[in-house]
Each structure stands twice: as C-alpha cells, then as structure tokens.
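K.L.:
please work out how this folds:
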Amino acid sequence: MRRQAAILLLCALTALPASAAEDGSWLQNGKDWVRQLWRDDARQWLERIDGAVLNNEYQGVIVFAQGDRIESLAVEHRMRDGVETLRLRTLSGPPRELLKRNGKIQNDSLGGDAPTSGAASAQTTFSQFGRLARNKWYKASLAEQGRIAGRPAQVIEVRAADAWRYGYRLWLDQETGLPLKIITLDERGYTVEQVAFTQIRISPAKGKPAGQRPPAPKALDNPFKDVKGFQLVARGRKGASEHYLFSDGLASVSLYVEPAAVKDKAQMRKDSVNGLMFADGSTRYVVLGKVPVATLERILAAARR
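P.N.:
A predicted model of the protein is given here:
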C-alpha cells in the first residue's frame, strides 16, 4: 500500500503545473519522502528476519557458489520449544555434515577450507542481517520482487556506507521474511559469493515461541588504533599466537599475531576472502576477512603500530 502511495505521489509530482514546478523544492521534497518510505519499508523487512528464523522450521536444498566452486547441501532447521537445531549435509563428493544445537557445534566434518563452511556461516548469521536495520555502516533499500525456490520474494539492496566493507543483495520470503538467497558484492559491485535455496519447505515452529535472539556481542577494549566501524568483539590465545576478532555488526575480520624470526609479506585472495601477511623479523601479523583489501591494510597498520 505504501509503495502504491509513493508511486502515485511521483506521478502527481511529475504532473504539477508549470507555476508549481518552478519551485524545485516541491519535487525534491517529494522525492526525499518517497526515498524515506523505501528505506523504512526495507528496515521493516530486515526486522522480520529474526522472527522468521526463530518461529519457523525449514528444510530443503541450498546451493553455495564461491569463485568457480559450486556445492549443494541438504539443510534442516528445527526450532522445538526454543531450542534451535541446524543440520547441513553435503549432497556430492565425500559425505560431510555439520550439526549445531543452540549455537554450539555438536559435529563438524565439513572442513574449514571447504565451500560448505561458507554455506554454514551464511545459514547461522541470519541474525546479523536482521540487525542491519540499526547498523549505520550499511544502507538498505527496497528493490524488485522476485521468486526463489518457487516462493515469491522481496529483494533488499544493502549498500556499504563507505569503501571499507562489502555490499549485499537479499531475497526475503514474502510470507515469512526468511532469507532465501544472499549475494555478496565486493567494493566494485562484482558478485564474489552467493547462497540460495533451490528447494525449501517452511512450517511454523513447534512448542512455545523461541523469543528473541541474544544481543550482538559487546565491544572489548581495543589494544590497537580503531579502524572505522570495526570493533574488537573477541580475543583469544593459543600457545604464543593471539587471535583478535573485529566486527562492524555484519562483516568480520580476524587478526593473528605471533612471534616469528623472519621478514616477509604477502597478499592472498581466495574467492570472497582477502588476506594479508606481514612479518618484521620479530612478529608475524596475518589478517583475513570478507572485506576489501584496503580495510585489511588499515587493520594491519593499526596492529603494527
């Protein structure tokens, strides 16, 4: 209804008499109002994601594409009395499986280097997309309507507010708000990763409602200079190696710092993931993430200082 009203307003504005059209503020104010309606509608769609995941069960087949690799997986998501279970199984190649229960891994034979690990990540981070409505580092707007796995879907454009992060296109199920397809776009607008359902069945969750997802992780004190939008949300140590995890609420960057008596540097890219390594003769720094290389350079420079 709001979209129809916006279209009618645009038509009315373009049909203004010459005397009114001379005052450009009429047309500009109308366009601004329409754009705000589109943004508000996009926020409402994004805010449906958490409820769609928490209050629905689904099972089907997803296809994960990254670079020249494509893999199909069977996915089963159950929500029983507030307990969430996610199971992923490969449908080609060696049998592999991931099982998560209430966010904790029960079994994982997918392999961290396999494309299926990216599919698992996409399936378990829907709540981060739900929080995009309140994330100032991304701008969401309504796009066209489409159809995924036989179900009508609304497309949401998610553009980065600056050059330090990637953009996304989401296809949300019109009936439930569940993400049916996600495309990751690099800083040039090229598709670097996509995951989509080819088959899906959705049904209401059984038992009492699941309630709300836990809040986003709180920022920790950052021992390095802050990089715009990215906050330290976790840190850990394994032997002499330290791991720092940064996030802007959607994108994540890992920084590893460890002693190393070598001097070297390298840049790597594997599909949607960029990486940098620098060793100064006493310390090795490795930074990885689905973000532009410029962002990794800033984080690496901050760590070295």
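K.L.:
can you tell me the closest non-neighbouring residue to residue 298?
P.N.:
Nearest non-adjacent residue to residue 298, counting by C-beta to C-beta, 6 or more residues apart in numbering: residue 227, 4.8 Å away. The way it works is simple: take the backbone N, C-alpha and C, and place the C-beta from them, glycine included.
K.L.:
how about residue 58?
P.N.:
residue 202 (4.6 Å).
K.L.:
so what pLDDT did the residue nearest to residue 298 get?
P.N.:
In the predicted model, residue 227 carries a pLDDT score of 87.
K.L.:
wait, it sits on residue 303?
P.N.:
No: look at residue 227 against residue 303 with C-beta atoms under 8 Å: they stay out of range, at 9.7 Å.
K.L.:
hey, where'd the strands end up in the stretch 151-300 of the chain?
P.N.:
Assigned by DSSP state E, counting those that start in this stretch, the strands in the stretch 151-300 of the chain fall at 151-160, 167-173, 179-185, 191-204, 231-238, 241-247, 252-259, 263-270, 273-280, 283-289.
K.L.:
which residues does the third one contact?
P.N.:
It stands for strand 179-185. 49, 52, 122, 126, 129, 148-149, 151, 153, 166-173, 191-197, 200, 272, 290 (C-beta atoms under 8 Å, 6 or more residues apart in numbering).
K.L.:
likewise for the fifth one?
P.N.:
Outside of strand 231-238, the residues that reach it under the criterion C-beta under 8 Å, 6+ apart are 217-224, 242-248.
K.L.:
so residue 43 sits in a strand?
P.N.:
No: according to DSSP: H, G, I helix; E, B strand; the rest coil, residue 43 belongs to no strand; its state is helix.
K.L.:
shaky segments in the stretch 51-200 of the chain?
P.N.:
108-125 (pLDDT under 70).
K.L.:
rerun at 90
P.N.:
Counting by pLDDT under 90, the stretch 51-200 of the chain has low-confidence residues at 51-55, 64-71, 79-86, 88, 90, 92-134.
K.L.:
and the helices in it?
P.N.:
Counting by DSSP state H, counting those that start in this stretch, one finds helices in the stretch 51-200 of the chain at the ranges 115-124, 126-130.
K.L.:
could you export the shortest one as PDB, CA atoms only?
P.N.:
Going back to what we said before, that points to helix 126-130. Presented in PDB, the C-alpha positions along helix 126-130 are these (Å, rounded to 0.1, in the frame of the first residue of the first chain):
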ATOM      1  CA  PHE A 126      20.900 -14.500   9.600                       C
ATOM      2  CA  SER A 127      20.500 -12.500  12.800                       C
ATOM      3  CA  GLN A 128      23.300 -10.200  11.700                       C
ATOM      4  CA  PHE A 129      21.300  -9.400   8.600                       C
ATOM      5  CA  GLY A 130      18.300  -8.800  10.900                       C
END
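K.L.:
who touches it?
P.N.:
46-50, 52-53, 158, 168, 170, 178-179, 182, 213, 216, 249-250.
K.L.:
emit the PyMOL select command for whichever of the contacts of strand 231-238 are buried.
P.N.:
Here is the PyMOL selection string for the buried members of the contacts of strand 231-238, based on 16 or more other C-beta atoms under 10 Å:
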select buried, resi 222+224+244+245+246+247+248
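K.L.:
of all the contacts of strand 231-238, which two lie farthest apart?
P.N.:
Using C-beta to C-beta, the two most remote members of the contacts of strand 231-238 are 242 and 248, lying 21.0 Å apart.
K.L.:
and the gap between the closest residue to residue 259 other than its chain neighbours and residue 288?
P.N.:
Leaving aside its chain neighbours, residue 259 sits nearest to residue 240 (5.4 Å; criterion: C-beta to C-beta, 6+ apart). Distance of residue 240 to residue 288, given as C-beta to C-beta, to the nearest Å: 19 Å.
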